[in-house]
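Visitor: Got a predicted model here, sequence first, then my questions.
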Amino acid sequence: MCHPMMLLNNQVLEAVQKRLEMSLELEAWKTNKHVKKIFREQIANTAFELQTSTLDGLELGQSN
């Protein structure tokens, strides 16, 4: 039977390894030019949609 301290150490080690894997994956996503392009396009589209809906709202308000 394993000692409770050994079990805890193993759990901590697994958590640290998972955290490292996730950090490396995040860095890979951050540096991926294709992903950056997609994010820029989505941000631009969202900004355009917000601007359009705001202008539509202003036009509706002026006609009343």
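Guide: Now that the structure is in, tell me what you want to look at.
Visitor: Output the below-cut-off pLDDT ranges for the protein.
Guide: Regions of the chain meeting the criterion pLDDT under 70 cover residues 1, 57-64.
Visitor: just the helices in it please.
Guide: Ranges of helices in the chain, per DSSP state H, are 4-31, 33-63.
Visitor: Please produce CSV containing the ones you listed, extended by mean neighbour count.
Guide: Quick note: C-beta positions are derived from backbone N, CA and C, even for glycine. Output for those, formatted as CSV (neighbours: other C-beta atoms under 10 Å):
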stretch, mean neighbour count
helix 4-31, 10
helix 33-63, 10
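Visitor: ok, residue 40 to residue 30 distance?
Guide: For residue 40, the distance to residue 30 equals 13 Å [C-beta to C-beta, to the nearest Å].
Visitor: just residue 51 next, same as before
Guide: For residue 51, the distance to residue 30 - C-beta to C-beta - is 28 Å.
Visitor: With residue 53 instead?
Guide: Taking C-beta to C-beta, one finds residue 53 at 30 Å from residue 30.
Visitor: How about residue 45?
Guide: Residue 45 sits 21 Å away from residue 30, going by C-beta to C-beta.
Visitor: Likewise for residue 46?
Guide: Separation of residue 46 from residue 30 (C-beta to C-beta) stands at 20 Å.
Visitor: Dump stretch 24-38 to CSV, restricted to CA.
Guide: C-alpha atoms of stretch 24-38 as CSV (Å, rounded to 0.1, in the frame of the first residue of the first chain):
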residue,chain,number,x,y,z
LEU,A,24,3.1,25.3,-23.7
GLU,A,25,-0.2,24.8,-25.7
LEU,A,26,-1.3,28.3,-24.9
GLU,A,27,2.1,29.7,-26.1
ALA,A,28,1.7,27.7,-29.3
TRP,A,29,-1.7,29.2,-29.9
LYS,A,30,-0.5,32.7,-29.1
THR,A,31,2.3,32.4,-31.7
ASN,A,32,0.2,30.8,-34.4
LYS,A,33,-0.2,33.4,-37.1
HIS,A,34,-3.3,31.7,-38.5
VAL,A,35,-5.1,32.0,-35.1
LYS,A,36,-4.0,35.6,-34.8
LYS,A,37,-5.5,36.4,-38.2
ILE,A,38,-8.8,34.7,-37.3
